[in-house]
Structures are given as structure tokens and as C-alpha cells.
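K.L.:
how does the following fold in three dimensions:
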Amino acid sequence: PNFKVASADWSTVNMGAPADDTVITEGEVQPLLSGSNDNFSMEFASGDYTFVFDASNLDAPTLSIYAAEMFGATEVFIRGGINGWGTDDMLSYDGNSSYSVEISVDAGTHEFKAASSDWSTVNLGAVADAKEVSVGVPYNLVTNSNDNLLMTFDETATYIFTVAGPNPTQPTMTVTKKP
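P.N.:
Residues are numbered from 1 along each chain as shown. Model (predicted):
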């Protein structure tokens, strides 16, 4: 299908594709051109998609598109010292490019990460020199990281681990205590 970013009157906002690059692919960051008559085109597989319109730089707005279920059919787990590094705690898709799982965690300091059962299809870990995760603060995960996240849990309780996209190469993890 063909599409562009525009207001209802087609003149207040009318942003389209560069004339020489009208095809957009999943995950590509495509520049938007104001006043462009050219539409984007993309071949969509079945499923939901997240469109990210980034106008943080008004002189160079962009559009990117991601499958809402960023892990697709791959099962991804929270794996670490909190559960013997196993595959018991699978993330469930919550919608809007977000996955979560509730885990009962003993008080103390624990290492963990988000990974598939084979440790390679999905392996989301820590920045080498900044591994500390704090309750309620989104942490920017690193793909194919050999470093684990590190968190001190002040009390034994159930915690909610949330991994959110939409970009599967730049997700965040937020750990919150279940109320």
C-alpha cells in the first residue's frame, strides 16, 4: 500500500517520500519531505505495525515502521540468578510493542537479561560499564550483549519485568514492584 504523513486538508502537513526512494522497509529510518507529492510504499506481512513519526528535529523529520510484536514468534525470557538462568519466565506480549512477566524475586543483588532459549536469536543485556538497573527507571538494552543487568532488590516480592520497543534493536527494560 501507499501512504504519507498528512493533515486532513493535505496542506497544513504534507510529508512524503523522497522521489528517488519511495520504498520503505521495516526498521528503516526514512526522511520525510515537506510538500512531497510522492507516497511511500511498503509490503506488509499480516499483523500490527507501529509507525514512529519523529519530529524531534523539525528540519529533518523521519518515519520508521516496526512490527508491533518485535520478537515475532520467538519466545523471550527473563533469565538470570533470580531463576537459575532458565526459561521459566517467558515474556508475554501486552500490545503496543511491549512484553512483560511477573517474577517472585528474593531480596538481594541479582544479575539477569532478556534472551531466547538459544541465547542468540534474542540476547538483550547491559552496557558494559553501566549495568545497574533501578526500580521504575527504563534501562536501554544492548543487543547481543555479553554483559548482564545488575539490580539490588530491597525486599522479597513480585516484580514486573517489562521489555518495550518498538525498535527491536533498541528496546528498554523497566522493573517495577507489583503493587
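K.L.:
I'd like to know how far residue 169 sits from residue 66.
P.N.:
Per CB to CB, to the nearest Å, residue 169 is found 10 Å from residue 66. Where C-beta positions appear, they are placed from N, C-alpha and C, glycine not excepted.
K.L.:
next: residue 24.
P.N.:
11 Å.
K.L.:
ditto for residue 33
P.N.:
Counting by CB to CB, the gap from residue 33 to residue 66 is 21 Å.
K.L.:
which of those two has more neighbours?
P.N.:
residue 66 (20 against 17; other CB atoms under 10 Å).
K.L.:
and the more buried one, what are its bridge partners?
P.N.:
Beta-bridge pairing of residue 66 under DSSP bridges involves residue 50.
K.L.:
pretty sure it sits against residue 47.
P.N.:
No: contact criterion CB atoms under 8 Å: residue 66 and residue 47 do not qualify, at 10.8 Å.
K.L.:
just give the nearest non-adjacent residue to residue 95, would you?
P.N.:
Using CB to CB, 6 or more residues apart in numbering and skipping residues adjacent in sequence, the residue nearest residue 95 is residue 68, 7.4 Å away.
K.L.:
in contact with the one you found, which residues?
P.N.:
Residues near residue 68 by CB atoms under 8 Å, 6 or more residues apart in numbering: 47, 48, 49, 50, 95, 96, 97, 166.
K.L.:
any idea which of the residues you listed has the most stuff around it?
P.N.:
residue 97 (23 neighbours).
K.L.:
now it, what are its backbone angles?
P.N.:
The phi and psi values for residue 97, taken as degrees, to the nearest 10, are phi 60, psi 40.
K.L.:
doesn't residue 66 make contact with it?
P.N.:
Yes: if you go by CB under 8 Å, residue 97 and residue 66 touch, sitting 6.8 Å apart.
K.L.:
what sits in contact with each of the two?
P.N.:
50, 165, 166.
K.L.:
which single one of these is nearest to residue 87?
P.N.:
Among the shared contacts of residue 97 and residue 66, residue 165 lies closest to residue 87 (CB to CB), at 21.1 Å.
K.L.:
for the closest one, give me the pLDDT.
P.N.:
On pLDDT, residue 165 comes in at 96.
K.L.:
got the contact list for it?
P.N.:
Residue 165 neighbours (CB under 8 Å, 6+ apart): 50, 66, 70, 97, 98, 171.
K.L.:
that older thread, and which of the contacts of residue 68 is nearest to residue 134?
P.N.:
Using CB to CB, those come closest to residue 134 at residue 97, 22.4 Å.
K.L.:
which ones are touching the closest one?
P.N.:
Taking CB under 8 Å, 6+ apart as the test, what residue 97 contacts is 50, 66, 68, 69, 70, 164, 165, 166.
K.L.:
would you turn those residues into JSON lines with distance to residue 148 and secondary structure?
P.N.:
Putting these into JSON lines (distance: CB to CB, whole Å; DSSP: H, G, I helix; E, B strand; the rest coil) gives the following:
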{"residue": "50", "distance to residue 148": "28", "secondary structure": "strand"}
{"residue": "66", "distance to residue 148": "26", "secondary structure": "strand"}
{"residue": "68", "distance to residue 148": "27", "secondary structure": "coil"}
{"residue": "69", "distance to residue 148": "25", "secondary structure": "coil"}
{"residue": "70", "distance to residue 148": "21", "secondary structure": "coil"}
{"residue": "164", "distance to residue 148": "19", "secondary structure": "strand"}
{"residue": "165", "distance to residue 148": "21", "secondary structure": "coil"}
{"residue": "166", "distance to residue 148": "24", "secondary structure": "coil"}
